[in-house]
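Trainee: sharing a model that was predicted from the sequence below.
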Amino acid sequence: MWPTFSASAPSRPDAGMPQFLDVPPGVVRDVASYIYHAAPYPNETIATVAAVGFVAAIVGRSHNVSGTGLNQYLLTVAPTGTGKEQGPDGIGRLLAPLEAAFPALSEIRGPGEIVSAPGLHKALAIRRNPSMLCIIGEAGLMLAQLASPKRDTNKAGIERFMLHVYTKSGFGAVLDDAAYSDKQNNPGVVNSPALSIVGDTTPETFYSALDRRMILSGLLPRFTIFETTAPRPYQNKDRVFAPCPHLIERLKRLSQIALELQGSKRVCEVGMTEDAAVTFDQFEHWTTDKVNDAANELTRHLWTRVYLKALKLAALNAVGVDPLSPRITYAESMWATNVIVDQTNALIAKFDSGEIGEAAGNELLQQDRVRMVMRECAQRPFDEIKGQFGGTPEMHGYGLVTHQYLQRRLLNLPLFKDDPIKATPALKRTIQSLCDNAEIEVLSGPKAKTTFGHGFLSYRFAEYNPNNEVERAKNAVFFVPNVGGVLQGNMK
């Protein structure tokens, strides 16, 4: 396991105060704080993701780390009603005074909907400084459409472009021209385009649409995915609409440095402290081992981008601290690596547990899930599960799992709920397959009533019966190597 570390934990004066995903001090954290306190229904995760995207749009092209720009693909997964609009609203209020001071900053506002690859290419090409932030609503559905096997050529083109442009923000990188039938539509070559995306989606939409294709295409692994389960708060009666002058001055300085670097066709390379460099060396080896040891192609794809995402995230925060001589600190290195590792593990766990929509109808995964729930039931104390068990303590003590328990634990999972034949028939099919494979045994309702006084249909893992014809044949011949003959005679 990668070691955990909380950069801000030692200095927390009040555990109830917003921590903004433990982002270390700097402009990113301060922007997140402003967006949070300006929101009618503030949410730390949404505010922090918006802050990361906003700062990336300003410095994603002007600053590099390890030869790559600092553009970000970000996705917030949040329930309906949690205030997703606070991100674009807060960014708009921060941009207004910056655009007044630096009109060129108006170019960082990108389209709110990606309609076509040529359109996105051209939007970057017409900018003097091609660094752009697209804030996209319901991005989870968009990603599913881009990866769908039924997608049209336009959607396929958008996916290819987003894959390609993600790695082109580094100094000297070039996004080549594209040829169209009408030469007037050819966007031209774009030097070091820095496209950043802040998308939002709901868990229901995202996880029901998520499938292996979205991972294996390579696009979703480029996204840093932040999920929030925080409840909707009461309305913020003390909203701070106007950004504080000190924050605006810091953003102006950041913007001026970024624009001057781009105007002179230079970049500022982000350095590291000695201990941060050691951390990222260790992290690179650790993630490489994760890639090489991956159990399947899906997890391999997810781990492949982890090192680069963590490096870019740490570098972005370092630029917000000191845009002239940025250096990643140990705290920033551990914060960024923890964030990306936690997200990757969480997504892998959802695939493994059957909480992802694409698993629906996969009979092997359904069988794995039933086995897991049965083992869990047998291992947990009866008092912990008695509300769901639907049977007696004695039944639980004998290793039995009631049909009622399996229904309560499994029928609402997408793995079963979204099965084409519906949840109940899918569970019945799975149980029958495990019975046919002699993995589990059935205790019928009448037999359960006779034995335990209640007629609960139940199951248990099958056990080896030593009192069988093969064993008796072995005992009969002992040293005589004719077990087959004895067994054949017994079976007549």
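Mentor: Okay, I see it.
Trainee: residues near H403, how many?
Mentor: Close neighbours of H403, defined as other CB atoms under 10 Å, add up to 19. Where C-beta positions appear, they are placed from N, C-alpha and C, glycine not excepted.
Trainee: to clarify, my last question referred to A101.
Mentor: A101, neighbours per other CB under 10 Å, totals 13.
Trainee: in what helix or strand does the spatially closest residue to it that is not a sequence neighbour lie?
Mentor: Ranked by CB to CB, 6 or more residues apart in numbering and with sequence neighbours excluded, the top spatial neighbour of A101 is K252, at 5.5 Å. With elements taken from DSSP states H and E, the one containing K252 is helix 245-263.
Trainee: and the next helix or strand after that helix, what other elements does it pack with?
Mentor: Going down the chain from helix 245-263, the next helix or strand is strand 268-269, by DSSP H and E. Contacts defined by 3 or more CB pairs under 8 Å, 6 or more residues apart in numbering; DSSP states H and E place strand 268-269 against strand 63-65.
Trainee: list the buried ones in stretch 387-397?
Mentor: 389-392, 395-396 (16 or more other CB atoms under 10 Å).
Trainee: of the residues you listed, which belong to helices?
Mentor: 389, 395-396 (DSSP state H).
Trainee: before we move on, the earlier item: so who does the residue nearest to A101 touch?
Mentor: Going by CB atoms under 8 Å, 6 or more residues apart in numbering, K252 touches 97-98, 101-102.
Trainee: just the buried ones from those residues, in PyMOL syntax?
Mentor: Listed next is the PyMOL selection for buried residues among those, using 16+ other CB under 10 Å:
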select buried, resi 97+98
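Trainee: rewinding a little: nearest to S106 among the ones in helices among the buried residues of stretch 387-397?
Mentor: Nearest to S106 out of those is F389 (CB to CB; 62.2 Å).
Trainee: in which helix or strand does the closest residue to that closest one other than its chain neighbours reside?
Mentor: Counting by CB to CB, 6+ apart, Y405 is the residue found nearest to F389 once chain neighbours are left out, at 5.2 Å. Secondary structure assignment for Y405, by DSSP H and E: helix 403-410.
Trainee: same for the very next helix or strand once past that helix, what does it pack against?
Mentor: The first helix or strand that comes after helix 403-410 along the chain, using DSSP H and E, is helix 414-417. Helix 414-417 is packed against helix 363-379, helix 423-436, with contacts defined by 3+ CB pairs under 8 Å, 6+ apart.
Trainee: neighbouring contacts of the first one?
Mentor: Put plainly, it is helix 363-379. 353-354, 359, 385, 389, 396, 399, 401, 405-406, 409-410, 413, 415-416, 419, 426-427, 429-431, 433-434, 439-440, 459-461.
Trainee: ok, how many other residues are close to G453?
Mentor: 10.
Trainee: can you list the weak-confidence ranges in the protein?
Mentor: Low-confidence segments of the chain, defined by pLDDT under 70: 4-16, 179-186, 353-361, 468, 470-492.
Trainee: what about the longest strand in it?
Mentor: In the chain, assigned by DSSP state E, the strand with the most residues is strand 194-201.
Trainee: which parts of that one are buried?
Mentor: So strand 194-201, judged by 16+ other CB under 10 Å, has buried residues 194-201.
Trainee: could I get those residues in JSON lines, plus columns for distance to D289?
Mentor: Shown next, in JSON lines, are these (distance: CB to CB, whole Å):
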{"residue": "A194", "distance to D289": "31"}
{"residue": "L195", "distance to D289": "31"}
{"residue": "S196", "distance to D289": "30"}
{"residue": "I197", "distance to D289": "30"}
{"residue": "V198", "distance to D289": "32"}
{"residue": "G199", "distance to D289": "31"}
{"residue": "D200", "distance to D289": "33"}
{"residue": "T201", "distance to D289": "31"}
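Trainee: what sits closest to G137 if chain neighbours are left out?
Mentor: D200 (6.0 Å).
Trainee: nice, that's everything, thank you.
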